[in-house]
Structures are given as C-alpha cells and as structure tokens.
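Chemist: I would like to see how this sequence folds:
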Amino acid sequence: MMSMNHAPLSILAACAAAATAIGPATAGADNGKAKAEMCVACHGENGISATENVPSLASQPDLFLQWQLIFFRSGARKNEAMEPIAGQLNNEDVRDLGAYFASLKPADASSVKAPDDHPELVKAGQQAAAAGRCASCHGDNYAGNKAAARIAGQREEYIIKALHDYKAGVRSGGGVAAMAEVAYPLSDDDIAALAHYLSRL
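Modeler: I've put the predicted structure just below:
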C-alpha cells in the first residue's frame with residue numbers, strides 16, 4: 001500500500017487542503033439541495049444517475065463525497081467534467097453537497113436485479129468480493145463507510161469503468177493504493193461479475 005511519504009504531490013496537496021475543508025456541514029443538506037441543482041444534468045434527480053458511466057451519488061457517505069470533491073478541486077483526481085465544477089466550490093459548498101447527497105435514499109435496484117438471467121455472475125461476483133475483501137472497507141452490506149464509497153446498487157457499467165481505471169492506474173485520489181492492489185489481479189470476467197453482483201444489491 002502506498003505510504004504518505006511516496007504519495008504523489010498532488011494527492012498530498014489535496015490532503016493538506018482537505019484538512020481545513022472536510023467537516024460537518026454548517027447548513028447541511030438543506031443548502032446542499034439548492035447547490036446540487038448543477039449536478040442533476042449528469043448525476044440525475046435525487047442523485048440517481050440515468051447516464052452511462054456517471055455514478056449515482058445518493059446515499060454515498062458524506063466524507064467520501066467531500067473527499068472526492070476536494071480531489072477534483074485540487075486536480076488530484078482527473079475528470080474533464082468535474083474539475084471545472086469542483087474548482088468553483090468553496091469549503092462550505094463541499095460540506096453542504098456531501099451532507100445533501102448522503103441524506104438521499106439509494107437507488108432501488110429491484111428493477112435491475114429481478115429477474116436475473118445470469119445467476120452464475122452473481123455467484124462469481126460474491127466470490128470475487130469475498131476474495132478481494134471488499135467488505136473490509138465498503139462495509140458488510142457494501143453501503144460505504146466514512147471515506148469508502150457506497151458500491152451497493154451503483155450503476156453496473158460505472159463499477160466496471162472504475163475497476164478498470166484503478167487496474168490501469170489512471171484513477172487517482174482517495175483509496176488509490178488499496179484499490180489498485182485489489183483491482184490489478186482481477187480479470188475482465190472477475191470485474192464483470194463483481195459489477196453485476198454489486199449493482200443488484
């Protein structure tokens with residue numbers, strides 16, 4: 001796992017900035033709702049994405065959301081769409097947006113998972129999740145924990161994209177060392193099975 005002494009300078013700079021930015025929202029979810037209007041076009045109404053390769057934000061852990069916005073704002077995490085948006089956010093905006101999206105109900109995966117024509121993928125995904133010890137960071141129900149993302153019910157193709165990005169070393173930001181270690185040995189079949197399983201939780 002990457003130590004802080006060997007972390008890229010951009011990530012260290014983001015961590016330094018986050019030391020003062022991360023924290024409880026002063027106005028909380030109410031102010032965050034108004035500020036989140038700019039997020040709807042991509043991330044969907046109530047934080048439920050209907051856009052390919054764009055994640056749902058509803059019910060993501062508050063601290064995870066705040067960290068990602070800080071990483072985008074600092075440039076430690078690269079994304080052409082998110083960097084200019086996050087660059088306009090002050091610390092209070094970051095806290096309010098984190099509180100708002102964390103307060104929303106997660107996507108209802110029932111319409112996605114039933115009927116499931118690929119039970120073998122579910123079983124393979126369960127095995128891959130256990131082998132990768134995903135629950136140790138993301139929680140027993142994969143609903144996320146502190147700075148670890150909620151992956152239960154996330155868009156299937158987005159999970160595939162994220163795992164491939166970690167495996168290829170093109171995604172930076174929080175949890176990079178741990179996720180790269182988990183993703184690197186995964187085959188394409190493993191990734192497809194994991195995404196199928198997790199998206200239906």
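Chemist: Residue ranges in this protein under the pLDDT threshold?
Modeler: Scanning the chain for pLDDT under 70 picks out the ranges 1-27, 109-115, 173.
Chemist: what does the domain assignment say about it?
Modeler: The record's domain split for the chain, according to automatic domain parsing, is 4-103, 110-199.
Chemist: Just want the most central residue of this structure.
Modeler: Among the residues of the chain, the one closest to the centroid is residue 149, at 4.4 Å (CA atoms, centre = their mean).
Chemist: Find the nearest non-adjacent residue to it, please.
Modeler: residue 64 (5.2 Å; CB to CB, 6 or more residues apart in numbering). For every residue, glycine as well, the C-beta is placed using N, CA and C.
Chemist: residues in contact with the one you found?
Modeler: Counting by CB atoms under 8 Å, 6 or more residues apart in numbering, residue 64 touches 144, 146, 147, 148, 149, 150, 174.
Chemist: what's the most distant pair in these?
Modeler: 150 and 174 (13.9 Å; CB to CB).
Chemist: Give me the more crowded residue out of those two.
Modeler: Legend: neighbour count by other CB atoms under 10 Å for residue 150 and residue 174, higher for residue 150 (27 against 22).
Chemist: how about the helices of the protein, start to end?
Modeler: For the chain, applying DSSP state H gives helices covering 9-21, 29-35, 40-43, 62-74, 82-86, 91-103, 110-113, 119-131, 135-138, 156-168, 176-183, 188-199.
Chemist: Tell me which of those helices sits nearest to residue 52.
Modeler: helix 156-168 (5.9 Å).
Chemist: Give me the residues contacting the closest one.
Modeler: In contact with helix 156-168 (CB under 8 Å, 6+ apart) are residues 49, 52-55, 112, 151, 171, 176, 179-180, 182-184, 186, 191-192, 194-196, 198-199.
Chemist: wait, what's in contact with the closest residue to residue 133 other than its chain neighbours?
Modeler: Taking CB to CB, 6+ apart, and ignoring the residues beside it in sequence, residue 133 has residue 182 as its nearest neighbour in space, at 7.7 Å. Counting by CB under 8 Å, 6+ apart, residue 182 touches 132, 133, 134, 166.
Chemist: since we're on residue 46, how many residues are nearby?
Modeler: Residues lying near residue 46 (other CB under 10 Å) number 17.
Chemist: Please tell me I have it right and it contacts residue 58.
Modeler: Yes: the criterion here is CB atoms under 8 Å, and residue 46 meets it with residue 58 at 5.9 Å.
Chemist: Name the residues contacting each of these two.
Modeler: The contact lists of residue 46 and residue 58 share 104, 105, where a contact means CB under 8 Å, 6+ apart.
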